[in-house]
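1. sharing a sequence plus its predicted fold:
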Number of protein chains: 2
Amino acid sequence: MADEHTLPDELRPGEEAGRPDDRIDDERHDEENRLKTSYVRSVVEALDAGDKGRVYDLVEPLHPADVADLFELVDADDRPRLASAITDLLSGEVIAELNDFVRDGMIEALPPETVAGIAEQLETDDAVQLIEDLDAADQAAVLAEMEPADRAAIESALAYPEETAGRLMSRAFVAVPEHMTVGDLIDYLRDTDRGDLPTDFWEVFVVDPAHKPVGTCQLSWILRTPRHIALADVMKRDQTLIPVTADQEEVGNMFQKYALISAAVVDESGRLVGQMTADDVVHIISEEAGEDVLLLSGAGDGDINEPIRDAYTARVRWLVANLATASVASFVISRFESVIAQMVALAVLMPIVAGIGGNAGTQTLAVTVRALATNQLTASNVWRAVRRELSIALLNGATVALVIGLAVGLIFGHPMLGAVIGMAMLTNIVIAGIAGVLVPLTLERLGADPAISSSIFVTMTTDSMGFLVFLGLAVASGLVG
Amino acid sequence: MADEHTLPDELRPGEEAGRPDDRIDDERHDEENRLKTSYVRSVVEALDAGDKGRVYDLVEPLHPADVADLFELVDADDRPRLASAITDLLSGEVIAELNDFVRDGMIEALPPETVAGIAEQLETDDAVQLIEDLDAADQAAVLAEMEPADRAAIESALAYPEETAGRLMSRAFVAVPEHMTVGDLIDYLRDTDRGDLPTDFWEVFVVDPAHKPVGTCQLSWILRTPRHIALADVMKRDQTLIPVTADQEEVGNMFQKYALISAAVVDESGRLVGQMTADDVVHIISEEAGEDVLLLSGAGDGDINEPIRDAYTARVRWLVANLATASVASFVISRFESVIAQMVALAVLMPIVAGIGGNAGTQTLAVTVRALATNQLTASNVWRAVRRELSIALLNGATVALVIGLAVGLIFGHPMLGAVIGMAMLTNIVIAGIAGVLVPLTLERLGADPAISSSIFVTMTTDSMGFLVFLGLAVASGLVG
């Protein structure tokens, strides 16, 4: 794996020199830097024509990340043909950038020795991603084909749970003892006989004899400091240490909070075992921040490349659960059948009370879930948040009640009906505000992910209470008997 | 501003040495690295007791990002008292890390010369953030108090629209001509007489005489390469260039796609004008990915620190718009008043058809909006996505129809009613799937943000069609006459 091999000779980064800058090329990319439809179509046409040479020529100038995008954009049955036409462009970088589902689909179709060959090209963290979703037998078969050192690194990563720092971290980093000077460090880095240093790194970790981090030194500080200065005088001692067991969401929050480019990962005894860098963390942050909307809607992974069967299973479970909670609301209505029979206008209007209550609840829920996920809402300010949502709910409720009350009063020519729906609306929006903040807080306190099931409870509350309050008030007010 | 000042002497980073590592301190932080409630409470108690010394001692060991968190966690009326107790801990870093609303609240209360003093401590991009939301007169007053060079940098940033690379980029970077050797570059960086080099940087940009980027060199490559090698042989020529007019979402997508740590920003003529680094981009990515859930629910900025009046305005507008679309659904029901009067069970069951259709539509909507935001869904694969959602909708619809049809048939002892609600459910879930994917795609094609208004149209469709299909089928099937 690249991160554990000898540093390629000093010219290596320059090998890529001369490759055209393809990312602002208007022939292949649109203004948002996506591959153009016309370009994708020409690749597919060349594939259909069996013209592998043309396919290769079309794909060759692409950046590996764009090659990965191309695989995602063509149909699933075009992917093996595309792969066979551009075999030697299928670098580890392409594989690492592929969407998880697309990659898994391709990897499962390949023989173990080919997968092992690809994995050997990758950095440990990318190699782990490549094989972590294979079933146990396929995983063992791939590992058996790998070099012992690479296999050991992957097995050590797989020993940590998914989505933890231990699984995600890079095992290649630079760590040096505290007694060095800047000059010693530069000579150490320059020593081309050293095979264990990575090519790309952003900071040097300074460790004590027990291999515990005592400081960190950005490369720009080293480059700007005279050789005779002691490393201990340049390094920064207060660094963010990521526990190897930290969940990826926590890692993402640390990188954001402390504006990190890279950070040391330490094991339970405080020893330096790896590092995480911002280029990996941007994926995590995007995934974590984006998943709230998918979780709140019950869309599961919500990836357009997820197999239909998996998407169906995830979503239908949610719909059936909602069916159960919707039955609660129906049960509430059924208690008022005779009332509705007397005044069918109530059936016409009741979905408005429930629906707008649902909207108001979803607004509060979205705000609360985001605030919890970003650590902005903690036990210290929880009551302020509840008071705030209550105030907004009262203002919203009063406004909406006024609008709907007047409209119904006028349109139905029935002021009392207007008063009843206005009161019901105000009450339900306040209930929605309270449920929208308390449900996710309670779930979080119970150790559950508030994004996953909050919306079922909130909608059940706003639906049932909407019908109950509206129909109940209709009876209580003497509107119907 | 720090990024344009003389490099502090070489010991500067070491000045912070000796500061305890506070971020894994269990006295002040909980297991998720948030400030503990007990700690926040002790600060507030010291404030209430007027014991400024104790407040200072409590806050002094905190990292600036935690000081910012502390300000956000205490009540708004405690913030000025806290600020006055810890004036000299209120570094630019604290101000830069503060939540926008909290910062604006504090800045508006300060005199222009104080704001100017804080801005001078900050890097240009942070200084811009500090004053960009001030009204024009206050902004001018602050700028008038600043050093001409700093003012010019800020004015040049303010000339670009909000949320573009030109507004967000750092104007401090290292750019050198192509003819240098690695040794020349190191000597250039070491030259302590140079006052225009930043302290923290991650790559060196190589530019031609017209100041256009021709390559880039990571610091780790420089450190690992012998002095006599030409820079042109080490640098990587294909680099990602960010147009100065690029929107922040696009910048975030580029950093993710190409796994960048930093990248050059170029103006219209291709000249290097700034750089963006991953530590700034993580905030952008989190904001952009997290805002979908807020936009889809109509919660506006959805920040728990937003003034109540602004949150009310944003949310009530959405609720009133939903009131209008809910009226469409009510109108549909009103066309069936006589039908409902004949069979009130229809009123009991109709919210289920509309509600589950709404859930299914929201699922498809969430998936589509995320796929559009992450550039996974483009014109090339749009029909595949539509077919996919249709397949999932058919599977979901058939399953839910079967469950609800059997349940209603048995519970109401009325097989025909079961058949009608089953058919209506299947139809509405398919309609929901189509609307959930086509509405956001259409809005995107029209140049609108699909996250902002999709859900209103989708819910209107699933509500109205749910009632129409269910009540219509009840009539058509002869269930009621």
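-> Structure's in. What do you need?
2. what is the burial count for the nearest residue to A:Ala46 once chain neighbours are set aside?
-> Leaving aside its chain neighbours, A:Ala46 sits nearest to A:Arg54 (4.1 Å; criterion: CB to CB, 6 or more residues apart in numbering or on different chains). In this view, the C-beta of every residue, glycine as well, is placed from N, C-alpha and C. The number of residues packed near A:Arg54 is 16, by other CB atoms under 10 Å in any protein chain shown.
3. gap between A:Ala398 and B:Leu319?
-> Separation of A:Ala398 from B:Leu319 (CB to CB, to the nearest Å) stands at 11 Å.
4. who's more crowded, the two?
-> Shown here are A:Ala398 and B:Leu319; by other CB under 10 Å, B:Leu319 has more neighbours (23 against 16).
5. dump the residue contacts of the residue nearest in space to the middle of chain A.
-> Ranked by distance to the mean C-alpha position of chain A (CA atoms, centre = their mean), the top residue is A:Glu287 at 1.2 Å. Going by CB atoms under 8 Å, 6 or more residues apart in numbering or on different chains, A:Glu287 touches B:Ala289.
6. mind doing that once more with 7 Å?
-> Under the criterion of CB atoms under 7 Å, 6 or more residues apart in numbering or on different chains, A:Glu287 has no neighbours.
7. any idea which helix or strand comes after the helix or strand of chain A with the lowest mean pLDDT?
-> The helix or strand of chain A with the poorest confidence is helix A:12-15; it has a mean of 38 (mean pLDDT, DSSP states H and E). Scanning forward in sequence from helix A:12-15 by DSSP states H and E, the next helix or strand is helix A:37-48.
8. please name every helix or strand in contact with that following helix.
-> Contacts defined by 3 or more CB pairs under 7 Å, 6 or more residues apart in numbering or on different chains; DSSP states H and E place helix A:37-48 against helix A:52-59, helix A:64-73, helix A:79-85.
9. give the buried residues for the first one.
-> Pointing back at helix A:52-59 there. Buried residues in helix A:52-59, counted by 16 or more other CB atoms under 10 Å in any protein chain shown: A:Lys52, A:Arg54, A:Val55, A:Leu58, A:Val59.
10. now it: how far from the chain's centre is it?
-> Its chain's average C-alpha position is 34 Å from that of helix A:52-59, according to CA atoms, centre = their mean, to the nearest Å.
11. and the average pLDDT for that helix is what?
-> Helix A:52-59 carries an average pLDDT of 95.
12. and the angle for it with helix A:64-73?
-> Per axes from the mean of the first three to the mean of the last three CA atoms, to 10 degrees, the angle that helix A:52-59 makes with helix A:64-73 is 120 degrees.
13. need the contact partners of helix A:52-59.
-> Residues outside helix A:52-59 that contact it (CB under 7 Å, 6+ apart) are A:Ser42, A:Val43, A:Ala46, A:Leu47, A:Val67, A:Leu70, A:Leu82, A:Ala85, A:Ile86, A:Leu89.
14. where's the nearest residue to the fourth one once chain neighbours are set aside relative to chain B, distance?
-> Which is A:Leu47. Spatially, and ignoring its direct neighbours in sequence, A:Leu47 is nearest to A:Arg81 (5.2 Å; CB to CB, 6+ apart). Distance, A:Arg81 to chain B, using CB to the nearest CB, to the nearest Å: 16 Å.
15. what about A:Arg81, neighbour count?
-> As a burial measure, A:Arg81 scores 16 neighbours (other CB under 10 Å).
16. what's the burial count for the residue of the stretch 101-250 of chain A found nearest chain B?
-> Residue nearest to chain B within the stretch 101-250 of chain A: A:Leu219 (3.8 Å; CB to the nearest CB). Other residues within reach of A:Leu219, judged by other CB under 10 Å, total 22.
17. so A:Tyr440 sits against A:Leu365, correct?
-> Quick fix: residue A:440 reads Pro, not Tyr. Yes: taking CB atoms under 7 Å as the definition, A:Pro440 is a contact partner of A:Leu365 at 6.3 Å.
18. any residues in contact with both of these two?
-> Common contacts of A:Pro440 and A:Leu365 (CB under 7 Å, 6+ apart): A:Ser454.
19. then A:Val214 would be within a strand, right?
-> Yes: counting by DSSP: H, G, I helix; E, B strand; the rest coil, A:Val214 is part of a strand.
20. show me what contacts it?
-> A:Val214 neighbours (CB under 7 Å, 6+ apart): A:Glu178, A:Val206, A:Val207, A:Asp208, A:Arg237.
21. of those, list those near chain B.
-> Contacts with chain B within those, as defined by CB under 7 Å from any CB of the partner chain: A:Arg237.
22. now stretch A:112-128: buried residues?
-> Judged by neighbour count using 16+ other CB under 10 Å, the buried positions of stretch A:112-128 are A:112, A:115-116, A:118-128.
23. for stretch A:322-342, that is, sorry about that
-> Buried residues in stretch A:322-342 (16+ other CB under 10 Å): A:322-323, A:325-327, A:329-330, A:332-334, A:336, A:339-342.
24. which of these fall in helices?
-> Those of the buried residues of stretch A:322-342 mapping onto helices are A:322-323, A:325-327, A:329-330, A:332-334, A:339-342, per DSSP state H.
25. do you know how far A:Ile284 is from chain B?
-> For A:Ile284, the distance to chain B - CB to the nearest CB - is 10 Å.
26. thought that residue was touching A:Gly252?
-> Yes: assessed by CB under 7 Å, A:Ile284 is found in contact with A:Gly252 at 4.7 Å.
27. so for these two, which sits in the more crowded spot?
-> Neighbour count, other CB under 10 Å: between A:Ile284 and A:Gly252, A:Gly252 has more, with 26 against 21.
28. now for the closest residue to A:Gln121 other than its chain neighbours: which residues touch it?
-> Among residues not flanking A:Gln121 along the chain, A:Gly92 sits closest, at 3.7 Å (CB to CB, 6+ apart). Residues in contact with A:Gly92 (CB under 7 Å, 6+ apart) are A:Ile118, A:Gln121, A:Leu122, A:Asp126.
29. so what's the third one closest to, chain neighbours aside?
-> Pointing back at A:Leu122 there. Among residues not flanking A:Leu122 along the chain, A:Gly92 sits closest, at 4.2 Å (CB to CB, 6+ apart).
30. state the pLDDT value of that neighbour.
-> 78.
31. also the one 5 residues further on?
-> Residue-level confidence at A:Glu97 comes out at 87, pLDDT.
32. my guess is it contacts A:Phe71. True?
-> No: using CB under 7 Å, A:Glu97 makes no contact with A:Phe71, being 9.3 Å away.
33. ok, residues contacting stretch A:369-385?
-> Counting by CB under 7 Å, 6+ apart, residues outside stretch A:369-385 touching it are A:253, A:292, A:296, A:368, A:437, A:440-441, A:444, A:450-451, A:454, B:32, B:34-35, B:37, B:40, B:72-73, B:75, B:290, B:293-294, B:302, B:304.
34. can you give the domain ranges for chain A?
-> For chain A, the structural domains run A:2-161, A:175-296, A:308-476, going by automatic domain parsing.
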